[in-house]
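>>> Sequence first, predicted coordinates after that:
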Amino acid sequence: MRKMRFGIMFKSGDLVIARVQYTDTYEVKTRPAIVLFEEYDNVVIAGVTSNLNMKGIPLTKKEGAVEDSIIKLNYIFTVSNAMISKKLFHLSLEKKRLIYEELNKKLGGLKN
């Protein structure tokens, strides 16, 4: 994390605790998330769940998670920097590459 004028700047691959509003409800929930990128005090994050039946990228205790989890690249949110309460740990380069590859596949339809 680097300090910037308005607060803490998060880096791609940080696992954080963030307050997010889901699309199917007006409720705001505190959830773990992976920072995809941060720009102008807006942080784009992917949700993380402990429901191992969900599709996504596995995240294990061995990697630093509190419990075995799934990174859900179909749950992407933009939150303000102020909605993130803390950073828990940073993903390995290999895991960040896997996230990038999966996102690239999902966005592949934008090429043409």
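Sure, I can see it.
>>> C-alpha from now on. contacts and neighbour counts both.
OK.
>>> Report the beta-bridge partners for the residue most central in space within the chain.
Among the residues of the chain, the one closest to the centroid is residue 34, at 2.0 Å (Cα atoms, centre = their mean). Beta bridges link residue 34 to residue 15, residue 46 when assigned by DSSP bridges.
>>> Doesn't residue 29 belong to a strand?
Yes. Residue 29: assigned to a strand according to DSSP: H, G, I helix; E, B strand; the rest coil.
>>> show me what contacts it?
19, 20, 21, 22 (Cα atoms under 8 Å, 6 or more residues apart in numbering).
>>> change it to 6 Å
Counting by Cα atoms under 6 Å, 6 or more residues apart in numbering, residue 29 touches 19, 20.
>>> follow-up on the earlier one: so how far is residue 12 from the residue nearest to the centre of the chain?
From residue 34 across to residue 12, the span is 8 Å (Cα to Cα, to the nearest Å).
>>> How far off centre is stretch 23-39?
8 Å (Cα atoms, centre = their mean, to the nearest Å).
>>> Now do that stretch, average pLDDT.
Here stretch 23-39 scores 89 as its mean pLDDT.
>>> One more: stretch 52-71?
pLDDT averaged over stretch 52-71 gives 95.
>>> what's in contact with it?
Defining contact as Cα under 6 Å, 6+ apart, one finds that stretch 52-71 is touched by 48, 49, 50, 72.
>>> Okay, strands next: where are they in the protein?
Secondary structure of the chain, counting by DSSP state E: strands at 2-4, 7-9, 14-21, 28-39, 42-49, 57-59, 69-80, 84-90.
>>> Output the ones you listed as CSV; include the columns distance to residue 96.
Output for the strands of the chain, formatted as CSV (distance: least, Cα to Cα, whole Å):
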stretch, distance to residue 96
strand 2-4, 19
strand 7-9, 18
strand 14-21, 10
strand 28-39, 9
strand 42-49, 12
strand 57-59, 10
strand 69-80, 11
strand 84-90, 9
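>>> Nearest to residue 104 among the ones you listed would be which one?
strand 69-80 (10.8 Å; Cα to Cα).
>>> tilt between the closest one and strand 42-49?
When axes from the mean of the first three to the mean of the last three Cα atoms, to 10 degrees is applied, the directions of strand 69-80 and strand 42-49 differ by 150 degrees.
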